[in-house]
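Undergrad: Give the three-dimensional model of this entry:
(chains A and B)
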There are 2 protein chains.
Amino acid sequence: MAEKIYRVNMTTLTATSEDVPEKWRVLGGRGLTSTIVAQEVKPTCNPLGKYNKLIFAPGLLAGTMCANSGRLSAGAKSPLTGTIKESNAGGTAAQCFANLGVKALIIEGLPQKDTWYNLHVDKNGVSIQEETALAGRGNYEVMKTLTQKHGEKIGILSIGLAGERRMAAANISVKDPDGNIRSHGRGGLGAVMGSKKIKYITIDPAEGPDVEIIDKEKFKKAARAFTKALLENPVSGQSLKMYGTDVLVNILNESGGLPTRNFRDGQFAGAEKISGETMRETIIKRNGKPHHACHAGCVIQCSQVYNDKDGNYVTSGFEYETIWGFGANCCIDDLDIIAEADHLLDDIGIDTIETAVAMGVAMEAGVIPFGDGAGALRLLREIGEGTPLGRILGSGAGAVGKAYGITRVPVVKNQGLSAYDPRPVKGMGITYATTTMGSDHTAGYCIPVNILRIGGFVDPLRKEGEVELSRRLQIGTALMDSAGLCIFVMFAILDKPEVFSLLFDMINAKYDLDMTVDDGRTLGRKILRTEHEFNIAAGFSNKHDRLPEFFEEPVPPHNAVWDFTTEEIDSFWGV
Amino acid sequence: MAEKIYRVNMTTLTATSEDVPEKWRVLGGRGLTSTIVAQEVKPTCNPLGKYNKLIFAPGLLAGTMCANSGRLSAGAKSPLTGTIKESNAGGTAAQCFANLGVKALIIEGLPQKDTWYNLHVDKNGVSIQEETALAGRGNYEVMKTLTQKHGEKIGILSIGLAGERRMAAANISVKDPDGNIRSHGRGGLGAVMGSKKIKYITIDPAEGPDVEIIDKEKFKKAARAFTKALLENPVSGQSLKMYGTDVLVNILNESGGLPTRNFRDGQFAGAEKISGETMRETIIKRNGKPHHACHAGCVIQCSQVYNDKDGNYVTSGFEYETIWGFGANCCIDDLDIIAEADHLLDDIGIDTIETAVAMGVAMEAGVIPFGDGAGALRLLREIGEGTPLGRILGSGAGAVGKAYGITRVPVVKNQGLSAYDPRPVKGMGITYATTTMGSDHTAGYCIPVNILRIGGFVDPLRKEGEVELSRRLQIGTALMDSAGLCIFVMFAILDKPEVFSLLFDMINAKYDLDMTVDDGRTLGRKILRTEHEFNIAAGFSNKHDRLPEFFEEPVPPHNAVWDFTTEEIDSFWGV
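TA: Prediction:
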């Protein structure tokens, strides 16, 4: 059965389905959400207004036996950055959509009535119901209640109180196989879902037409080789499973690129206490799970289950960026406090990176001192309570900086930078400055080449080659995000370029195509251009591709400064 | 003695003086501040950072016998809008600067020490002192203390607690002849002064070289004719003296253009209770002053002194826009409450227009109900206290909208619209959309032609002729703001075009020039272009010249909508 586009109009409360236009056939995930946003959303619109649309799209390889292909893309105009936005997440929703043959779900319009709704997607299409029971509830309760009601196999997308309040850093939560939470974290897409008054979406894959693969044998062969490559790579096959993404704390600290005390230092005295090694030890001691897949078919298993001292579940999907954000960035050297923060924010439904950066800025402003873990947890609860201070924090790092009139605010296009200082890790700085997504480390993740020396080496302390590196990775990432692949497959691809062609073998087998690696790069470039053009039409220019002034200050231990000229940065887009 | 440019560097704590470059000789007020900002300020800089500069410049005719020529221009990159900003105010400071031969005072850099400073300008130049006594104090106490210390003739510029906290809506206060307060209201220039840690500037005009006029007789003759024209015009000679600017409440209400309940209606049931007529009656009954000059030589005298029920001073310079903002906009039909709000905000040092619009948005968000005067005063006090809610409000209407996730936020380029609904008064809408200043009614004030039928008539309900009207007025205003003239001289000029040439007679007599009216218009155009180019270099484009989406909704009583196409708006700048 052919795939369909599902379209929900919240103004008329109607749902329809459409055939997939031929030009969208070989688009998926980010490629598809960005194309639809660019085509259907008024670039100058208010992101929380009637002209914005929220789009979900599984990747081109979703629901297949391709390893790590279960990421779901969500797209819209971002309330945080004002740019186009794609944010992808693990969890089971992408595979549920794929099994139902849903190429994309487009949600448009604003309801006329001031009430909450839920959407239910199944083999018969989309139904829209008013929702009273779960409005006002946290994500954990939503996941638990809906799993009890619909069974373990249901896919769930939901927003917490941050999304209900349309906070600019609100995220969209996705149920993982254990009923825990993954997140479309960045860019405030939860606020867009909140503006459309949708508390949650359930996706029942039962009796779906399943995923069609034209050449099954060819697909299977490539998929097996791909899995093997992921498992053979030391990072995707071992380190991430062993220590989670938190393996990076010691590595970045060692390199001097671990932003500490709101980007004042590149090394954190408490690094060891929040490192992946310490986390693993703690998890094992407390009978947690040191590794865990966020979706079926994930062989990397960087997720984990982190328990408290009494062995009770606290959080999973406990990422390096979150741990860095509340850890080194806020000088809190206590994994238990950070885990509690992660749990709270997942429940409230707000981006842990943006909120951690916002917390660092609040500490900078003197709201609470650096290192005050108990104070930080108190402030995070205020986000859930919707106090004025909670609303400032929930609006992201830029909003905190503005409310307190300070300039040491690490944002680009109003989105917080993350766990890699752009001065001693210059490739990341180029990505922060130039990505179409506001600042987003995942958009062109230079760490393998800048720090891990996988797939070559570009000296992170020097400018040479960084623009080219970031561009190459941004193009590749646009493609990965379109296939629905986890970003960490890049370790295997960078290490062994022949792994890249396996992706096209799978895509070609599925769709009966003859795409080459070069065609893939062309597609990646086209996606970036589409996004960039949307941003220009929304009012952005190269003048917004700039890092904050304080990065002119040298950061220890290398005393590196941000020294790219505007011309060098602008060469990225060829302005 | 030749005029000088004074330059203060707050990083090195040094003050220097410079000769006036030939190309700046026939620039003053806004023309000079905008030229200096465009030339010396990095367009993409953080407005509160080291690259911004704060510039004060009296107008070309300041300190002369030309009536109403005592406005002072302040310029910088705005922390509220991110655009170039000129905000001018009455009071005595411009004449003090002129008498000292100060063409402009440029303040640059940020102090290295975390302490407050004051500047003292006198015949010997500028001196910089640390300030401890008055930091943390309100503007009224600053004015009183410094007047006692230096005498009545001292000119004073100061910031209140909003400026000290670098709130984006903070203003700069100017002492008037009675020791009360006028304000550089719009665009948050008080936050720029606060970022430079300057609590106040005193200007002692004693023994200054005075203003040089080359052809005194010619000047005198033109100045007399100009004064006569102002006094003969029914608006500048009578209405404004009788009722203040608040005369407009009944006029705008009648026309259906008085934005009510956060721009939901064009008429306010309580209009009569907050009208200029009611204000005059109240002032007379309580032994206030129904009219009053904000600077020596003002013959219009639209200011007043408003007392409370016991005859005690509450406020002066009690403007239509403030009364509209807390009145119709917030549905508070009580002049005493609005007067108290005006007093509070002058003391805290924050723009009454921006804060009133922010209050309307807070009411929209349900923080307090519309019409809750006591609640509004309580919230305003929170701005002074620096609570989180106070900081949100002090950051302006756009910030309130973002914190509460709502879309009915009447701002353009993040600055609040003022007392004229753009749907039934379309000329004002074009000005809001296109001015280089963010939305600012004074930048191209179409009310005389749209509503009062002075200087012709362009139907405010129709699009025809509005772009041309706004452009003509924006050009003229750039010129008035450069001469240091009060905007209300425009009533006499629009009424009798020959009055316009008297301005050039005075400028020519003062500087020994042969400027024609056409040369003047060319200069006005050039100033606008300079500002527009700065904004483009700062990252703005025609995409930012847009009104919020909710103006597509019809507003009673005319059910007018904002129906300009983007092409029609963009024809203003010829994009």
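
Undergrad: Return the set of buried residues in the helix or strand harbouring residue A:467.
TA: Element membership for residue A:467 (DSSP states H and E) is helix A:466-483. Neighbour counts over helix A:466-483 (16 or more other CB atoms under 10 Å in any protein chain shown) mark A:466-467, A:469-483 as buried. Where you see a C-beta, it was placed from the backbone N, CA and C, and this is true even at glycine.

Undergrad: Could you show which parts of chain A are in contact with chain B?
TA: Residues of chain A lying close to chain B (CB under 8 Å from any CB of the partner chain) are A:43-46, A:48-51, A:79, A:165-168, A:191, A:194-195, A:387-389, A:391-392, A:395, A:399, A:402-407, A:537-541, A:543-544, A:546, A:548-549.

Undergrad: Select only the buried ones of the residues you listed in PyMOL?
TA: Taking 16+ other CB under 10 Å as the burial criterion, the selection of buried members of the residues of chain A next to chain B in PyMOL is written as:
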select buried, chain A and resi 43+44+45+46+48+49+50+51+79+165+166+167+168+191+194+195+387+388+389+391+392+395+399+402+403+404+405+406+407+537+538+539+540+541+543+544+546+548+549
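
Undergrad: what about residue A:285, neighbour count?
TA: By the other CB atoms under 10 Å in any protein chain shown criterion, the neighbourhood of residue A:285 contains 11 residues.

Undergrad: Residue A:269 too?
TA: Taking other CB under 10 Å as the criterion, the count of residues near residue A:269 is 12.

Undergrad: One more: residue A:109?
TA: Neighbourhood size, residue A:109 [other CB under 10 Å]: 17.

Undergrad: Give me the nearest residue to residue A:379, chain neighbours excluded.
TA: Using CB to CB, 6 or more residues apart in numbering or on different chains and skipping residues adjacent in sequence, the residue nearest residue A:379 is residue A:393, 6.2 Å away.

Undergrad: Can you dump the C-alpha atoms of stretch A:436-444 in CSV for me?
TA: What follows is stretch A:436-444, C-alpha atoms only, in CSV (Å, rounded to 0.1, in the frame of the first residue of the first chain):
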residue,chain,number,x,y,z
THR,A,436,19.9,26.9,9.7
MET,A,437,18.7,25.7,13.1
GLY,A,438,19.9,28.4,15.4
SER,A,439,22.9,27.1,17.3
ASP,A,440,22.7,23.3,17.4
HIS,A,441,25.7,21.0,17.9
THR,A,442,24.0,18.1,16.2
ALA,A,443,23.7,20.0,12.9
GLY,A,444,27.3,19.6,12.0
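
Undergrad: Point out where chain A drops to low pLDDT.
TA: Regions of chain A meeting the criterion pLDDT under 70 cover residues A:1, A:575.

Undergrad: and the angle for the lengthiest helix in it with helix A:466-483?
TA: Within chain A, and with DSSP state H defining each element, the longest helix by residue count is helix A:517-537. If you take axes from the mean of the first three to the mean of the last three CA atoms, to 10 degrees, helix A:517-537 sits at 100 degrees to helix A:466-483.

Undergrad: Name the residues of helix A:517-537 that come out as buried.
TA: A:520-521, A:523-524, A:526-528, A:530-532, A:534-535, A:537.

Undergrad: In the very next helix or strand once past it, which of the residues would be classed as buried?
TA: Under the assignment DSSP H and E, the closest C-terminal helix or strand after helix A:517-537 is helix A:566-570. When neighbours are counted by 16+ other CB under 10 Å, the buried residues of helix A:566-570 are found to be A:569-570.

Undergrad: Not counting helix A:566-570 itself, show me its contacts.
TA: When contacts are taken as CB atoms under 8 Å, 6 or more residues apart in numbering or on different chains, the neighbours of helix A:566-570 outside the stretch itself are A:430, A:433-434, A:463, A:467, A:542, A:545-546.

Undergrad: what does stretch A:260-270 give?
TA: By CB under 8 Å, 6+ apart, the surrounding residues in contact with stretch A:260-270 are A:253, A:255-259, A:274, A:327-333, A:360-361, A:363-364, A:370, A:408, A:410, A:417, A:421, A:423-424, A:550-551, A:555-558, A:560.

Undergrad: are any of the residues you listed buried, and which?
TA: When neighbours are counted using 16+ other CB under 10 Å, these contain these buried positions: A:253, A:255-259, A:274, A:327-333, A:360-361, A:363-364, A:370, A:408, A:410, A:417, A:421, A:423-424, A:550-551, A:555, A:558, A:560.

Undergrad: which of the residues in the host helix or strand of residue A:383 are buried?
TA: Remark: residue A:383 resides in helix A:373-385, with elements defined by DSSP H and E. Applying a neighbour-count criterion of 16+ other CB under 10 Å, the buried positions in helix A:373-385 are A:373, A:375-377, A:379-380, A:382-384.

Undergrad: Out of the residues you listed, which is nearest to chain B?
TA: Of all the buried residues of helix A:373-385, chain B sits closest to residue A:382, with 8.7 Å by CB to the nearest CB.

Undergrad: Could you pull up phi and psi at the nearest residue to that closest one once chain neighbours are set aside?
TA: Among residues not flanking residue A:382 along the chain, residue A:390 sits closest, at 3.4 Å (CB to CB, 6+ apart). Its backbone dihedrals place residue A:390 at phi -60, psi -40, with angles given as degrees, to the nearest 10.

Undergrad: helix, strand or coil for whichever residue of the stretch 401-550 of chain A sits closest to chain B?
TA: Residue nearest to chain B within the stretch 401-550 of chain A (CB to the nearest CB): residue A:405, separated by 2.7 Å. In terms of secondary structure, residue A:405 is coil; the call rests on DSSP: H, G, I helix; E, B strand; the rest coil.

Undergrad: Appreciated, that's everything.
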